[in-house]
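Chemist: can't give you the sequence, but here's the structure:
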């Protein structure tokens with residue numbers, strides 16, 4: 001089972017009052033000399049952090065990268081939300097990658113890559129690609145969840161918990177759109193966008209079939225057919241087969257779950273977009289709980305919309321831990 005790379009970060013300047021981070025969500029400042037940035041080391045960083053975001057209709061990078069040379073790495077860049085600093089020096093006392101938080105601002109993610117040469121830095125980046133990417137991704141999620149808890153729509157948590165035994169937390173703007181005995185639909189609907197989370201439970205089979213790709217898609221399609229109608233008669237949401245979905249087994253905090261990622265579409269209509277779902281056992285093991293985040297934003301890039309709603313899935317709690 002693959003584990004989410006949640007690195008234990010050390011805070012810098014402990015106890016010091018720090019400013020809030022700057023920069024746009026989804027941005028990363030990479031501190032590196034120009035020759036290295038234009039060479040293999042920069043290419044390795046771009047392969048990891050600026051590769052295409054999976055399961056989007058159009059090409060969008062995972063992050064927007066901003067290259068800054070060490071001599072230009074001054075206050076305006078030091079307070080950025082995500083920073084990767086390359087210290088490439090043959091006299092560097094300690095080779096390695098260090099993960100820190102809240103060095104110059106809060107809440108900040110800072111990754112240091114200390115290497116004697118560009119070639120060695122490139123090797124280290126490739127060897128630690130997943131940890132680097134997941135560390136930044138988790139920092140982005142944590143900011144979204146912290147903001148959600150600060151401005152929570154508190155009535156949703158208990159309402160969803162009555163259906164599936166627990167709930168993610170939702171920020172202001174989200175509304176409970178539908179609820180039945182085993183299904184809930186929570187959404188933030190605007191004129192041209194929708195960010196939605198579908199939450200449902202199904203009886204557990206009690207073996208590995210519960211989280212097989214075939215079973216997850218089969219259950220998803222049946223639940224959506226019954227509960228998520230389209231705008232036209234006899235239309236309904238389903239899982240697209242144009243690009244088959246994929247499943248990955250992850251662990252976050254104390255919860256193991258199957259992550260399903262793919263495209264949704266509306267049978268009988270021309271609507272669609274990306275989705276990601278987490279499926280896991282209920283506390284008593286009798287049910288499979290699924291929280292399914294999706295985005296509909298035909299006029300806009302979708303990366304950040306999806307990251308926002310996907311992050312809410314990581315805020316899931318059982319009632320005794322929630323509000």
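Modeler: Yes, it's here. Given the structure is predicted, the values throughout are model-derived calculations rather than measurements.
Chemist: helices and strands around the longest strand belonging to the chain, which ones?
Modeler: In the chain, with assignment by DSSP state E, the single longest strand is strand 255-267. Judged by 3 or more CB pairs under 8 Å, 6 or more residues apart in numbering; DSSP states H and E, strand 255-267 is in contact with helix 213-227, strand 236-239, strand 246-252, strand 272-281. (Glycine included, C-beta is placed from N, CA and C.)
Chemist: how does it look with 7 Å?
Modeler: strand 236-239, strand 246-252, strand 272-281 (3 or more CB pairs under 7 Å, 6 or more residues apart in numbering; DSSP states H and E).
Chemist: pull up the pairing partners for the longest one, direction included.
Modeler: Taking DSSP bridges as the criterion, strand 272-281 pairs within the sheet with strand 255-267 (antiparallel), strand 287-296 (antiparallel).
Chemist: got a list of what the closest residue to residue 165 other than its chain neighbours touches?
Modeler: In space, and not counting its chain neighbours, residue 165 is closest to residue 282: 5.3 Å by CB to CB, 6 or more residues apart in numbering. By CB atoms under 7 Å, 6 or more residues apart in numbering, the contact list for residue 282 reads 165, 201, 289.
Chemist: so which of those comes closest to residue 145?
Modeler: Using CB to CB, residue 289 comes nearest to residue 145 of those, at 18.6 Å.
Chemist: ok, now which ones touch that closest one?
Modeler: Residues near residue 289 by CB under 7 Å, 6+ apart: 164-165, 201, 279-280, 282.
Chemist: bridge partners for it, pull those for me.
Modeler: Going by DSSP bridges, residue 289 is paired in beta bridges with residue 201, residue 280.
Chemist: what's the answer for residue 28, then?
Modeler: Note on residue 28: beta-bridge partners by DSSP bridges are residue 65.
Chemist: hang on, isn't it packed against residue 61?
Modeler: No: between residue 28 and residue 61 there is no contact under CB atoms under 7 Å: 10.0 Å.
Chemist: for those two, indicate the residue with more neighbours.
Modeler: Neighbour totals were compared for residue 28 and residue 61, and residue 28 leads with 25 against 14 (other CB atoms under 10 Å).
Chemist: show the model's pLDDT score for that one.
Modeler: Residue 28 carries a pLDDT value of 98.
Chemist: how close does it sit to residue 99?
Modeler: 14 Å (CB to CB, to the nearest Å).
Chemist: what sits in contact with each of those two?
Modeler: Counting by CB under 7 Å, 6+ apart, residue 28 and residue 99 have no common neighbour.
Chemist: give me the helices and strands touching the longest helix along the chain, please.
Modeler: Ranked by residue count and defined by DSSP state H, the top helix of the chain is helix 129-150. Using 3+ CB pairs under 7 Å, 6+ apart, the elements in contact with helix 129-150 are helix 40-49, strand 109-115, helix 303-313.
Chemist: would you mind getting the angle between the one helix or strand residue 120 maps to and helix 129-150?
Modeler: Take DSSP states H and E as the rule and residue 120 turns out to sit in helix 118-127. Counting by axes from the mean of the first three to the mean of the last three CA atoms, to 10 degrees, helix 118-127 lies at 60 degrees to helix 129-150.
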